[in-house]
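Enquirer: mind looking at a prediction? Sequence and model below.
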Amino acid sequence: MSRLRHFATANTTTVLLITLDAFNKASNNLYKASEKLPGERRPFQFIQETRPILILDEPQNMESEKAKQALRTLKPILALRFSATHRTSPNLVYRLTPFDAYACNLVKRIEVYGVTERDNANIAFLALTEITPPPRITAKVRTRERPRRHAGG
């Protein structure tokens, strides 16, 4: 509660990091009176008076009516939604595509090494080398035959 008081009364820019679960039910401590806070106000009222800017990470997980009501309870002046998988995009300000995020080194790079086999003469091979146009369409293909075993070996 002392951190909450500092957030609500500081004369500088401060950040309060809380989860939705901290204020989505009336039984949470944020809605209960506390002797650690001055006056008759409850903790959530201190937050309301700041008119906070909400920064929501993965807001698609906060789209239930209960979650939306909890967010409105804080009386934010603005809510910024950050997600790579928005279900809805109200008032889109900026879009960072997965490709752009990768190109800007904003996401982890994953390297995948596959196991491939090259130039294995034991595998059948067929390549299209030529097609002749109508009226009589024909195609030429090249094959690589399986190696023949020599007698006695």
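Expert: Okay, I see it.
Enquirer: dump the residue contacts of Arg42.
Expert: Taking Cβ atoms under 8 Å, 6 or more residues apart in numbering as the criterion, Arg42 is in contact with 30-34. From N, CA and C alone the C-beta is placed, and that goes for glycine too.
Enquirer: and those, which is closest to Gly114?
Expert: For those, the minimum distance to Gly114 (Cβ to Cβ) is 50.8 Å, reached by Leu30.
Enquirer: run the chain-centre distance for the helix or strand where Leu54 lies.
Expert: Assessed by DSSP states H and E, Leu54 sits inside strand 53-57. Strand 53-57 sits 15 Å away from the centroid of its parent chain (Cα atoms, centre = their mean, to the nearest Å).
Enquirer: use 770 as the first number for this chain going forward.
Expert: Sure thing, new numbering starts at 770, so read that last one as strand 822-826.
Enquirer: can you dump the C-alpha atoms of the following helix or strand past that strand in PDB for me?
Expert: Scanning forward in sequence from strand 822-826 by DSSP H and E, the next helix or strand is helix 834-842. Taking C-alpha atoms only, helix 834-842 is exported to PDB below (Å, rounded to 0.1, in the frame of the first residue of the first chain):
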ATOM      1  CA  GLU A 834     -17.100  -7.800 -19.900                       C
ATOM      2  CA  LYS A 835     -15.800  -8.400 -16.400                       C
ATOM      3  CA  ALA A 836     -12.200  -7.400 -17.400                       C
ATOM      4  CA  LYS A 837     -13.400  -4.300 -19.300                       C
ATOM      5  CA  GLN A 838     -15.400  -3.200 -16.200                       C
ATOM      6  CA  ALA A 839     -12.400  -3.700 -14.000                       C
ATOM      7  CA  LEU A 840     -10.300  -1.500 -16.400                       C
ATOM      8  CA  ARG A 841     -13.000   1.200 -16.500                       C
ATOM      9  CA  THR A 842     -13.000   1.200 -12.600                       C
END
